[in-house]
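J.: sequence first, predicted coordinates after that:
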Amino acid sequence: MIRINLLPVPKARKSEALIAQSVMGLIILALVAIGCYFVAASKQAEIAQLNKQIQEKQRDINDLKAKVGEVEKFKRQAQVLEEQLGVIRSLEKGRSGPVKMMDELTDLTPRRLWIASFKESGKRVTIDGTAESGPVIADFLENIKSSKYFSNPTLSLVQSQETDGLKLHKFTITFGVKYDI
């Protein structure tokens, strides 16, 4: 006997398999989409954290730049102060030189000799004065020659004059000065 099955069972099974596969495909797609969402979310969180770290590092860099600027400012101030100290030292040296020279001149001046004027110009000194006699002027000139602060003394003028009944000798001496001794 021949049997004929007229029911559409195989087609229904095919449709059921196709529907099951479609549902499985959609579930897999949904799982992949959910997985991609979580991966993207975690990457976004990492990016946000890295951006936050970059901003913190940038703030640190800006703070360090400000500190470097302050250090440079202090270096410039230190350099200016060092230059000022150099000027002060040179002034101090220049101040003590003339003082020592004047002290030496005081020690070299004989008792009967009077200095009326003292002029300095370009490390050359001109002294005008009076003395009791010519030998006193000669002694003064010799004393200047032997001094370490003075060089090349030249007697340029000697005149006799009478003042209040006393015979005095007016003189002018020019010599070089050495302060840096």
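T.: Perfect, I can see it now.
J.: which parts of this structure are helices?
T.: For the chain, the helices defined by DSSP state H occupy 9-108, 134-146.
J.: which residue ranges make up the domains of the chain?
T.: 11-79, 109-177 (automatic domain parsing).
J.: rounded mean pLDDT for the first one, please.
T.: Looking at domain 11-79 alone, the average pLDDT works out to 91.
J.: the last one now?
T.: Mean pLDDT, taken over the full extent of domain 109-177, equals 90.
J.: return the distance of it from the chain's centre.
T.: Computed by CA atoms, centre = their mean, to the nearest Å, the chain-centroid distance of domain 109-177 equals 50 Å.
J.: report all helices and strands that the longest strand along the chain contacts.
T.: Ranked by number of residues, the top strand in the chain under DSSP state E is strand 150-163. Using 3 or more CB pairs under 8 Å, 6 or more residues apart in numbering; DSSP states H and E, the elements in contact with strand 150-163 are helix 9-108, strand 124-131, helix 134-146, strand 166-177. C-betas here are computed from N, CA, C, even on glycine.
J.: if we go to 6 Å?
T.: On a contact count with 3 or more CB pairs under 6 Å, 6 or more residues apart in numbering; DSSP states H and E, strand 150-163 meets helix 134-146, strand 166-177.
J.: the shortest one: partners in the sheet, and parallel or antiparallel?
T.: Sheet pairing of strand 166-177 (DSSP bridges) gives strand 124-131 (antiparallel), strand 150-163 (antiparallel).
J.: and those strands as JSON lines, adding distance to residue 51 and mean neighbour count?
T.: Formatted as JSON lines, those follow (distance: least, CB to CB, whole Å; neighbours: other CB atoms under 10 Å):
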{"stretch": "strand 124-131", "distance to residue 51": "77", "mean neighbour count": "18"}
{"stretch": "strand 150-163", "distance to residue 51": "79", "mean neighbour count": "12"}
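J.: could you dump those into a markdown table with distance to residue 64 added?
T.: As requested, the strands paired with strand 166-177 are exported to a markdown table (distance: least, CB to CB, whole Å):
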| stretch | distance to residue 64 |
| --- | --- |
| strand 124-131 | 58 |
| strand 150-163 | 59 |
